[in-house]
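>>> Predicted model and sequence below, questions to follow.
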Amino acid sequence: MPFLFCMKIPKWIYALCALVIAFAVVNALLQVPALEATSYALAGRTIVIDPGHGGFDPGVLGCTGSKEKDINLQVSKLLAQFLREGGAHVVLLRESDKALAETKQEDLAERVKIAHESEGEIYLALHCNAFEKDSPWQGAQCFYHSKSEAALALAEEIQKSLQSSLQNTDRAALAHDTTYILKNLQIPAVIIEMGFLSNREEEANLMNPEYQHKMAWAIYVALCHYYSSAEQGTVDDIINTETDNK
Ligand SMILES: [Zn+2]
């Protein structure tokens, strides 16, 4: 007879096993509807993602020489992947290290033009910030144009998600009315400054694939919440009113 069958198994072990199985079943039941609801909120949405800079334009440079354009692209690709898996149609403005035109101004104009032609519903530009080298400034922050209530709602949703996920910023979403992209886009747009490359610790984070993953996921979750509210008739109403007024 096998050794195990000879042993007298204490009752508490049976109780523990039953508890673990019950926990797993309840957990699985709670998880499935949440994932379905998340996918449903994004299904069919057209989202434009702008990985800032590229090609001749590196953006800001980090303490150790990292280039903003590279980090912007890496996080944008992860975000695009999450959104596509969630059922959204993603217009990714660049997929490699290239500019969209030969001058900075033409490049920005091209980004706005593609966003409008592709009938994007919302526009997210991913960037990194910088101040003087080795300065203590740090933290992700979202910017929007004050003409758009939907952009404000979107920026606040993303900022909230970044705060709770990254746990290293208490910055608030801020209106910025002079930026070319925000001024010229006719759809709700948010510039996400993901952190400061001039801060050595934050630069290391922003270059870390795990942190990039966390960043992209936080933005993805925010979009799910944003569109879940839209289904209840709040955000969609705002977007439609704004579009009608143009
Ligand atoms: Zn930038």
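Ah, there it is. Residues are numbered from 1 along each chain as shown.
>>> pLDDT below threshold where in this protein?
1-9, 12-13, 17, 19-39, 230-246 (pLDDT under 70).
>>> Next up, the contacts around the most centrally placed residue in the chain.
In the chain, the C-alpha nearest the mean C-alpha coordinate belongs to I219, at 2.3 Å (C-alpha atoms, centre = their mean). By C-beta atoms under 8 Å, 6 or more residues apart in numbering, I219 lies in contact with 79, 124, 158, 161-162, 192. C-beta here means a position set from N, CA and C on the backbone, and glycine is covered the same way.
>>> Considering those, which possesses the most neighbours?
Counting neighbours by other C-beta atoms under 10 Å, I192 leads the contacts of I219 with 29 neighbours.
>>> which secondary structure element contains it?
Following DSSP states H and E, one finds I192 within strand 189-196.
>>> Report the next helix or strand after that strand in sequence order.
Once the chain leaves strand 189-196, the next helix or strand it forms, by DSSP H and E, is helix 200-207.
>>> Please identify the buried residues of that following helix?
By neighbour count with 16 or more other C-beta atoms under 10 Å, helix 200-207 contains the buried residues 200, 202-203, 205-207.
>>> Check stretch 141-155 too.
Under 16+ other C-beta under 10 Å, the buried positions of stretch 141-155 are 141-145, 147-155.
>>> Which helix or which strand is home to the residue nearest to the centre of the chain?
helix 209-231.
>>> Pull out the buried residues from that helix.
211-212, 214-216, 218-230.
>>> mind listing what G65 touches?
So G65 contacts nothing (C-beta under 8 Å, 6+ apart).
>>> tally of neighbours for the residue in the chain that the ion sits nearest to?
Proximity of the chain to the ion (C-beta to the ion) peaks at H127, 3.5 Å away. Using other C-beta under 10 Å, H127 is surrounded by 23 other residues.
>>> Could you check how far it is from A41?
Applying C-beta to C-beta, to the nearest Å, the value for H127 to A41 is 26 Å.
>>> any chance of the contacts of I219 in JSON lines, plus distance to Q105?
Listed next are these as JSON lines, based on distance: C-beta to C-beta, whole Å:
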{"residue": "L79", "distance to Q105": "26"}
{"residue": "L124", "distance to Q105": "21"}
{"residue": "I158", "distance to Q105": "27"}
{"residue": "S161", "distance to Q105": "32"}
{"residue": "L162", "distance to Q105": "30"}
{"residue": "I192", "distance to Q105": "22"}
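>>> Out of these, the closest to L16 would be?
S161 (36.7 Å; C-beta to C-beta).
>>> doesn't that closest one fall inside a helix?
Yes: S161: assigned to a helix according to DSSP: H, G, I helix; E, B strand; the rest coil.
>>> Hmm, Y226 and it touching each other?
No: at 9.5 Å, S161 does not count as touching Y226 under the criterion of C-beta atoms under 8 Å.
>>> shared neighbours of those two, anything?
In contact with both S161 and Y226: no residue, using C-beta under 8 Å, 6+ apart.
>>> Contacts only, for the closest residue to Y211 other than its chain neighbours.
Spatially, and ignoring its direct neighbours in sequence, Y211 is nearest to N205 (4.4 Å; C-beta to C-beta, 6 or more residues apart in numbering). Going by C-beta under 8 Å, 6+ apart, N205 touches 168, 195, 211.
>>> Reformat those as TSV; add distance to the ion.
Listed next are these as TSV, based on distance: C-beta to the ion, whole Å:
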residue	distance to the ion
N168	20
G195	12
Y211	18
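>>> do you know how far Y227 is from L154?
Taking C-beta to C-beta, one finds Y227 at 10 Å from L154.
>>> Likewise for W137?
Relative to L154, and taking C-beta to C-beta, W137 is found at 24 Å.
>>> ok, now S164?
For S164, the distance to L154 - C-beta to C-beta - is 16 Å.
>>> Appreciated, that's everything.
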